[in-house]
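1. Test case, fold it:
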Amino acid sequence: MAKAKMKATGVKTVTGRVLHDPVKDKLRPIFPLDLSKCRTIDQLVRAMGDTAYTARQVGDAADVLEGMARDKDCFVVMTLAGALTVGKMGLVFCDLIESGIVRAIVSTGALMAHGLVEATGLSHFRYDPAKMNDNELFNAGYNRVYDSLEPETNLDHVEEVVDSILEDWDEKEIVCSWKLHRRIGEYLVKNTKGRGILKSAYEHDVPVFVPAFSDSELGIDFALHKFGRQRDKRPLLRFDPFEDFEKFADTMMATKRMGIFTVGGGVPRNWSQQFGVYAELMARRGYKNLPLKRYAYGVRICPEPVHWGGLSGSTYTEAVSWGKFVPPEEGGKLAEVFEDATVALPLVVGAVLERIGYFKR
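-> As a prediction, the model looks like this:
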């Protein structure tokens with residue numbers, strides 16, 4: 001499409017080439033990164049956007065996320081995967097919620113469990129391989145997450161919190177992930193002083209969905225609570241993941257425009273993106289008369305390459321073929337950053353929060 005707009009301005013050379021003038025072709029120049037002119041996160045990210053490679057991806061992603069943030073008709077879903085709360089990105093997610101940019105979250109359960117550890121005032125620790133090997137860590141009750149440690153006692157505390165919430169659950173009310181996470185958020189508001197993802201989500205009415213709930217510490221805690229009820233001959237609680245699916249679908253159906261901010265990949269990304277497929281099938285198979293519901297904005301931070309074949313590395317252009325995204329030629333604004341989230345996420349989010357004046361509040 002870009003080539004069709006370029007017009008030959010020079011004389012044909014002996015090799016047949018016609019050398020163009022980049023200014024007349026309206027090509028965008030790039031510039032050296034001058035750190036002496038960068039005093040804020042936003043200034044750095046804008047300068048990176050005028051360079052190349054991953055730095056330019058960071059700059060472009062900030063521009064698209066800013067577009068989502070400023071579009072009052074855009075409902076933004078954030079999807080999270082990976083050990084990002086152990087990686088200490090939790091307060092960045094709180095800022096995205098509290099700034100009003102993110103309106104719903106789809107996550108792995110582990111990320112929420114580790115975030116609950118943090119929100120209740122407990123800590124994670126640096127791993128020093130010179131002190132203990134992995135077998136010694138197991139015997140000492142230290143669970144390793146890459147270069148960090150989650151003490152088993154932290155997870156015991158998480159179980160106590162979850163169990164206390166489930167003890168008070170009305171046995172007639174179906175359990176699903178967004179309802180449970182909302183109750184945990186309410187518990188944090190009443191019982192803790194610090195910040196946390198679920199606490200911020202509760203305070204700002206942001207639902208948190210965990211589609212692979214049983215694949216998490218919180219899922220294990222629910223299973224253990226079931227054993228306790230069986231032992232005590234009490235009615236069992238029923239968990240229904242389709243309560244999550246229908247809540248998410250109803251929420252997204254009501255939107256004027258949709259944006260997605262994906263950190264990592266996996267189930268949260270796919271579960272959120274397949275909403276477009278679900279809506280299209282509802283219409284095509286005659287259940288409801290619906291327009292196409294595709295994400296108009298997309299920002300993805302994930303180092304997974306496309307050639308491994310997994311969904312975490314699949315491109316937004318591939319998702320266009322599934323009817324999940326508005327293609328760029330129809331106005332879709334998409335950006336992808338192939339970088340570790342603990343590096344790219346603070347840059348992208350920090351720049352956008354600065355642009356919308358969040359830090360001045």
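2. and residue 263, how many neighbours does it have?
-> Here the number of neighbours of residue 263 (other C-beta atoms under 10 Å) works out to 28. From N, CA and C alone the C-beta is placed, and that goes for glycine too.
3. check contacts around it.
-> By C-beta atoms under 8 Å, 6 or more residues apart in numbering, residue 263 lies in contact with 78-82, 84, 300-302, 341, 345.
4. Could you list the low-pLDDT ranges of this protein?
-> Low-confidence segments of the chain, defined by pLDDT under 70, are located at 1-9, 361.
5. quick one on the thing from earlier: which two of the contacts of residue 263 lie the greatest distance from each other?
-> With distance counted by C-beta to C-beta, no two of the contacts of residue 263 lie farther apart than 84 and 300, which are 14.2 Å apart.
6. all helices of this structure, in order?
-> 2-5, 41-49, 53-70, 90-98, 109-119, 134-140, 152-167, 177-191, 197-203, 217-231, 241-253, 266-284, 316-320, 341-355 (DSSP state H).
7. Adding mean neighbour count and distance to residue 294 as columns, could you present those helices in a markdown table?
-> Formatted as a markdown table, the entries for the helices of the chain read as follows, by neighbours: other C-beta atoms under 10 Å; distance: least, C-beta to C-beta, whole Å:
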| stretch | mean neighbour count | distance to residue 294 |
| --- | --- | --- |
| helix 2-5 | 7 | 23 |
| helix 41-49 | 19 | 26 |
| helix 53-70 | 20 | 14 |
| helix 90-98 | 22 | 22 |
| helix 109-119 | 26 | 26 |
| helix 134-140 | 12 | 45 |
| helix 152-167 | 16 | 36 |
| helix 177-191 | 20 | 23 |
| helix 197-203 | 25 | 25 |
| helix 217-231 | 16 | 31 |
| helix 241-253 | 16 | 11 |
| helix 266-284 | 19 | 5 |
| helix 316-320 | 19 | 8 |
| helix 341-355 | 22 | 23 |
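8. okay, those helices in CSV with distance to residue 307 next?
-> Formatted as CSV, the entries for these read as follows, by distance: least, C-beta to C-beta, whole Å:
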stretch, distance to residue 307
helix 2-5, 25
helix 41-49, 26
helix 53-70, 17
helix 90-98, 29
helix 109-119, 26
helix 134-140, 30
helix 152-167, 36
helix 177-191, 33
helix 197-203, 33
helix 217-231, 32
helix 241-253, 31
helix 266-284, 18
helix 316-320, 12
helix 341-355, 20
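9. Give me the more crowded residue out of residue 84 and residue 300.
-> Neighbours per residue, other C-beta under 10 Å: of residue 84 and residue 300, the larger number sits with residue 300, 27 against 24.
10. Which residues are in contact with that one?
-> Taking C-beta under 8 Å, 6+ apart, one finds 262-263, 265, 269, 316, 335-337 in contact with residue 300.
11. Arrange those residues in JSON lines, one row each, with distance to residue 215 as further columns.
-> Listed next are these as JSON lines, based on distance: C-beta to C-beta, whole Å:
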{"residue": "262", "distance to residue 215": "19"}
{"residue": "263", "distance to residue 215": "18"}
{"residue": "265", "distance to residue 215": "15"}
{"residue": "269", "distance to residue 215": "15"}
{"residue": "316", "distance to residue 215": "26"}
{"residue": "335", "distance to residue 215": "29"}
{"residue": "336", "distance to residue 215": "26"}
{"residue": "337", "distance to residue 215": "26"}
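12. Between those, which sits nearest residue 28?
-> Using C-beta to C-beta, the shortest approach to residue 28 within the contacts of residue 300 belongs to residue 335, at 15.3 Å.
13. residues in contact with the closest one?
-> Contacts for residue 335 (C-beta under 8 Å, 6+ apart) come out as 57, 60-61, 63-65, 298-300.
14. What's the local residue count around residue 141?
-> Applying other C-beta under 10 Å, we find 14 residues neighbouring residue 141.
15. any idea how far the closest residue to it other than its chain neighbours is from residue 251?
-> Computed as C-beta to C-beta, 6 or more residues apart in numbering, the closest residue to residue 141 that is not its neighbour in sequence is residue 152, at 3.9 Å. Between residue 152 and residue 251 the computed distance is 36 Å (C-beta to C-beta, to the nearest Å).
16. now swap in residue 277 and tell me
-> Applying C-beta to C-beta, one obtains 17 Å for the distance of residue 277 from residue 251.
17. Ok, residue 78 next?
-> Between residue 78 and residue 251 the distance, using C-beta to C-beta, works out to 13 Å.
18. Name the residues contacting each of the two.
-> residue 104.
19. For the contacts of residue 335, work out which two are farthest apart.
-> 63 and 300 (14.1 Å).
20. In strands, which of the contacts of residue 263 fall?
-> 78-80, 300-301 (DSSP state E).
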